[in-house]
Each structure stands twice: as structure tokens, then as C-alpha cells.
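**Q** Sequence below, structure please.
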Amino acid sequence: QVQLVESGGGLVQAGGSLRLSCAASGRTARAYAMGWFRQAPGKEREFLAAVSWSGGGTYYADSVKGRFTISRDNAKNTVYLQMNSLKPEDTAVYYCAAADRMVTIATAQDYWGQGTQVTVSS
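**A** Have a look, this model is predicted:
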């Protein structure tokens, strides 16, 4: 069993930055690939970025490539999402998830966090 807790959300002006954190707990937490997703009101949950269990591999959705950076610190059992050049359309609840494989995490997840709200004002 893996528990995930997101933090770092808040209100930011357009063009600003935020760094989200996802703290993982559980005996095998660091063995999982991790991903970030978001869900805006009235929209489906959207995959954003993923990182392999080692941190050596990453990939991104086109919508955030070049603006968002995913990373992980296995010593702290924490995954981060650095978000730069934020836009009002980035407003959403942001979730982290864990999965067996990075290559399939966009469509298959084993564990979810509770989410953290990000609001970008214009």
C-alpha cells in the first residue's frame, strides 16, 4: 500500500511559478513510477508528466512541455512538479499518482493522492 499526499498548491498570478510536492509513504513507495495529473472544473482528468522509479526517465504531455518539470528525490520519498509561466488555463486540482510502469502511467495508475488546488489569476 502506498499513500500519497500533495502540497504546494495556491493562488498565483499569470506568469508566475509554483512547485508542487507529493510525499509518498509505504514500504515500496520508491519502487513506483510517479505522475502528475490535473482536473479542471467540468473537464476530464488530464495527464501532465511522469518520472521513472529511479528519476532517470521523464516524459510530458505536449500541453506542459517546456513549462513544467517533474523530478523526484527518493531519499525523501517525494516527487515534485515545478510549474513555470503559469496561465489561467492551468487552474485545476493537481493530483499525483503512482504506478508500476512509467510508460503506462497515463492510462493505468495504482494509487492516487487527494489533490491540491492551483489557481492562476489573470
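**Q** now residue 7: how far from residue 20?
**A** When Cβ to Cβ, to the nearest Å is the yardstick, residue 7 and residue 20 sit 7 Å from each other. (Each C-beta comes from the backbone N, C-alpha and C, glycine too.)
**Q** Can you check which residues contact both of those two?
**A** Each of residue 116 lies in contact with both residue 7 and residue 20 under the rule Cβ atoms under 8 Å, 6 or more residues apart in numbering.
**Q** Between those two, tell me which one has more neighbours.
**A** Taking neighbours as other Cβ atoms under 10 Å, residue 7 and residue 20 compare with residue 20 leading, 23 against 13.
**Q** which residues touch that one?
**A** Shown here is residue 20, whose contacts under the criterion Cβ under 8 Å, 6+ apart are 6, 7, 8, 9, 36, 80, 81, 83, 94, 96, 116, 118.
**Q** and the third one, how many neighbours?
**A** Residue 8: 16 surrounding residues under other Cβ under 10 Å.
**Q** Name the nearest residue to it, sequence neighbours excluded.
**A** What sits nearest to residue 8 in space, not counting adjacent residues and going by Cβ to Cβ, 6 or more residues apart in numbering, is residue 20, at 4.2 Å.
**Q** Am I right that residue 89 sits in a helix?
**A** Yes: assessed by DSSP: H, G, I helix; E, B strand; the rest coil, residue 89 belongs to a helix.
**Q** That one and residue 23: what is the separation?
**A** With distances defined as Cβ to Cβ, the gap from residue 89 to residue 23 amounts to 27 Å.
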